[in-house]
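Peer 1: Here you go, sequence then predicted model.
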Amino acid sequence: GQCTCQPGWWGRSCNNQCSCNNSPCEQMTGRCQCQDRQWGQHCEHQCQCVHGKCNNINGSCACHPGYRGKYCQEACPAGFFGLGCRKRCGHCKELQPCQIFDGRCVACEAGWNGTRCDRICSAGYYGDVCAKLCPVCKDGLTCSHEDGKCSHCNPGWIGDQCEVKCLNGTYGDRCASVCTNCSNGDCHSVTGDCICHSGYRGLLNERNG
């Protein structure tokens with residue numbers, strides 16, 4: 001039968017001693033199998049990679065996520081993370097840097113969610129953790145995911161969130177039209193038609209006879 005060599009020995013009869021600086025070798029060939037932090041034909045070199053692994057043939061470094069540089073000694077700069085620091089952080093709150101390993105944020109800027117703050121609020125929601133419902137914007141369009149403002153309002157309404165009804169005497173889109181001939185009534189904020197006070201009738205609000 002075939003011998004199973006004790007650690008540190010190799011060969012058909014296990015009579016050859018490994019020459020690998022305390023690392024094991026392959027039983028049949030004697031080729032060194034360098035342990036972590038060693039490299040070279042005989043595992044004679046110490047790994048210089050600070051935050052990474054050595055190539056066991058040439059000693060070059062493969063950096064862990066979050067680090068870069070010849071010896072993986074540099075942490076990712078603010079705003080970047082991951083392998084080779086090639087990924088950009090999401091929208092972390094108050095421009096705080098994300099975790100250099102996986103891009104996680106402690107908290108998100110308004111309008112963003114997800115562990116990396118890289119997902120925009122779903123349509124119809126805005127603000128911190130996307131918890132607020134959008135107001136009614138023109139034609140059902142969604143509001144700004146950050147601050148809830150509408151880009152346009154339905155006729156008869158104004159304000160950042162279309163929450164202010166046209167003042168009496170104005171109507172229509174952006175309340176830009178001025179009512180006329182409506183002396184004894186209120187002007188409809190959308191159409192401009194007169195809504196007569198009690199005791200008046202007609203387009204010009206004549207007094208009831």
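Peer 2: Alright, I've got the coordinates.

Peer 1: which residues touch the closest residue in space to residue 108 that isn't next to it in sequence?
Peer 2: Spatially, and ignoring its direct neighbours in sequence, residue 108 is nearest to residue 117 (3.7 Å; Cβ to Cβ, 6 or more residues apart in numbering). For the C-beta atoms, the positions are set from N, CA and C on the backbone; glycine is no exception. Contact partners of residue 117, counting by Cβ atoms under 8 Å, 6 or more residues apart in numbering, are 89-93, 98, 105, 107-109.

Peer 1: what pLDDT does residue 117 get?
Peer 2: Residue 117 carries a pLDDT value of 97.

Peer 1: re earlier: which one of the contacts of residue 117 has the most neighbours?
Peer 2: Within these, residue 98 tops the neighbour count with 26 neighbours, counted by other Cβ atoms under 10 Å.

Peer 1: give me every residue that touches that residue.
Peer 2: 79, 81, 89-90, 92, 104-105, 116-117.

Peer 1: you'd agree residue 178 is up against residue 170?
Peer 2: Yes: between residue 178 and residue 170 there is a contact at 6.0 Å, judged by Cβ atoms under 8 Å.

Peer 1: Looking at those two, which has the bigger crowd around it?
Peer 2: Relative neighbour count places residue 170 above the other of residue 178 and residue 170, with 18 against 11, counting by other Cβ under 10 Å.

Peer 1: quick one: contacts for that one?
Peer 2: Counting by Cβ under 8 Å, 6+ apart, residue 170 has contacts 176-179, 187, 189.

Peer 1: can we see that at 7 Å?
Peer 2: 177-179 (Cβ atoms under 7 Å, 6 or more residues apart in numbering).

Peer 1: can I get those residues in JSON lines with distance to residue 194?
Peer 2: Below are these laid out as JSON lines (distance: Cβ to Cβ, whole Å):
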{"residue": "177", "distance to residue 194": "14"}
{"residue": "178", "distance to residue 194": "13"}
{"residue": "179", "distance to residue 194": "8"}
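
Peer 1: could you dump those residues to JSON lines with secondary structure?
Peer 2: As requested, those are exported to JSON lines (DSSP: H, G, I helix; E, B strand; the rest coil):
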{"residue": "177", "secondary structure": "strand"}
{"residue": "178", "secondary structure": "strand"}
{"residue": "179", "secondary structure": "coil"}
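
Peer 1: Now do the domain split for the chain, please.
Peer 2: Here the domain parsing of the chain from automatic domain parsing is 1-46, 165-207.

Peer 1: Next, format those domains as JSON lines and append mean pLDDT and distance to residue 58.
Peer 2: Below are the domains of the chain laid out as JSON lines (pLDDT from 0 to 100; distance: least, Cβ to Cβ, whole Å):
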{"stretch": "domain 1-46", "mean pLDDT": "90", "distance to residue 58": "7"}
{"stretch": "domain 165-207", "mean pLDDT": "77", "distance to residue 58": "69"}
